[in-house]
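Participant: need the 3D shape of this:
(one chain, ligands or ions: 4)
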Amino acid sequence: MRLSSLAFGAAAVSVADAWGGFGHITIGYLASSLINPNTTTLLQTLLHNTTDFYLAGVATWADSVRYTKWGRFTSGFHFIDAKDNPPHSCNVDIERDCKQTAGCVVTALANYTTRLMDESLSRSERAIAAKFVVHFVGDLHQPLHNEDVARGGNGIPVLFDGARLNLHHVWDTSIVEKLVGGGRGLRRKPYEMAKRWAEELVREIEGGKFSRDKEGWLKAANLSDPVGTALEWAREGNSYVCSTVLPDGVNSIVEQELGGEYYQKAAPVVEAQIAKAGYRLAAWLDMITASLHAQALTWTPEERQSPSPPGDL
Ligand SMILES: *[C@@H]1O[C@H](CO)[C@@H](O)[C@H](O)[C@H]1NC(C)=O
Ligand SMILES: *[C@@H]1O[C@H](CO)[C@@H](O)[C@H](O)[C@H]1NC(C)=O
Ligand SMILES: *[C@@H]1O[C@H](CO)[C@@H](O)[C@H](O)[C@H]1NC(C)=O
Ligand SMILES: *[C@@H]1O[C@H](CO)[C@@H](O)[C@H](O)[C@H]1NC(C)=O
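Facilitator: Numbering: from 1, shown residues only. Ligands and ions are numbered 1, 2, ... in the order given. Reported below is the predicted structural model:
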């Protein structure tokens, strides 16, 4: 790659939102297409939204609050910094990698799962918990949210179809956008495009290329052990750091063009991770709803009328 031949005027982008917004919105749609009707009722009631968008519409909320005064305490909840040694060895160790004070995505998913089920909490607290669960299941499936190297790849400058970006951004956004196509349309109408992609992935899960894998995707899901479940999903995401994100180490991709051969290998992993995240999120929300029996579906009249949870903090 002849670096000098490229225009390097633009400031390096350092967006830290996992899966950009688009991946999260797709995961929300995917889950809402797959969950059972009782779960739909519960979550639509909790989130005050009876449209098809009730999950997709809250999927990026956690990224919008992490930089606010209210939500600052959640900024460490989106990832786990695995101090492994890619590409030679990949692994996640909760004792080593989950920060004592700031927390991590594994303990955060467990915490908000428990809070979503806690009927002693206020309804708005439980709505907040639901939004975090939707988001953190997504984050766990982005390989670089389970990796410490160069701040999850934020410090690794690369090129993608000529644009100067960092590796984290490429895995959050660029690969997904190229895979789905649509260019600027995708940024202008993310909900429509995400819905269409989610419908395609549902077909692949139900009768297409993922139909045989999907049973295995739920192997680790155990509502009695949410930390163990999240840790298994984090380990799986982290394993792709060795196999696909950094197969030849960091130095082999610094300042290199990743829109070609690298993209060809990465795209199927990204597609499968998004499909898994949506499928697992649906199953997880179904398990949560089933554990609540019928109680949760019969909110008292006051609860039905309680004001919307803080949606736009
Ligand atoms: C439901 O969510 C969607 C997406 O966020 C939003 O556009 C719509 O206005 C919401 N509907 C209600 C009734 O709140
Ligand atoms: C659990 O959630 C509560 C409420 O948002 C928060 O105060 C607490 O820090 C969270 N704990 C963990 C381990 O994420
Ligand atoms: C689920 O987790 C609980 C609590 O750790 C454990 O006792 C149980 O054996 C687990 N179930 C399965 C199927 O692994
Ligand atoms: C939905 O809830 C009803 C009433 O509690 C229950 O009878 C039914 O089995 C539930 N359906 C599923 C799929 O869990």
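Participant: so how many other residues sit close to whichever residue of the chain sits closest to ligand 1?
Facilitator: Nearest to ligand 1, among the residues of the chain, is residue 57, at 2.3 Å (Cβ to the nearest ligand atom). Just so you know, the C-beta spots here come from the backbone N, C-alpha and C atoms, and that holds for glycine as well. Each residue near residue 57 was counted by other Cβ atoms under 10 Å, and the total is 20.
Participant: can you pull the pLDDT of it?
Facilitator: Confidence at residue 57, expressed as pLDDT, is 96.
Participant: does it really touch residue 28, like I thought?
Facilitator: Yes: assessed by Cβ atoms under 8 Å, residue 57 is found in contact with residue 28 at 7.4 Å.
Participant: name the nearest residue to the residue of the chain closest to ligand 1, sequence neighbours excluded.
Facilitator: Leaving aside its sequence neighbours, residue 57 sits nearest to residue 49 (Cβ to Cβ, 6 or more residues apart in numbering; 6.4 Å).
Participant: can you count the residues close to that neighbour?
Facilitator: 16.
Participant: what helix or strand does it sit in?
Facilitator: Assigned by DSSP states H and E, residue 49 belongs to no helix or strand.
Participant: and the residue of the chain closest to ligand 1, that one's in a helix?
Facilitator: Yes: under DSSP: H, G, I helix; E, B strand; the rest coil, residue 57 sits within a helix.
Participant: for it, give its distance to residue 250.
Facilitator: Distance from residue 57 to residue 250, counting by Cβ to Cβ, to the nearest Å: 37 Å.
Participant: and residue 260, by the same measure?
Facilitator: 19 Å.
Participant: okay, the two: which has more neighbours?
Facilitator: Applying other Cβ under 10 Å to residue 260 and residue 250 shows that residue 250 carries more neighbours, namely 16 against 10.
Participant: what's the separation between that one and residue 157?
Facilitator: To residue 157, residue 250 is 11 Å away according to Cβ to Cβ.
Participant: just give the closest residue to residue 113, not the sequence neighbours.
Facilitator: residue 226 (4.6 Å).
Participant: check contacts around the one you found.
Facilitator: By Cβ atoms under 8 Å, 6 or more residues apart in numbering, the contact set of residue 226 is 109, 110, 113, 114.
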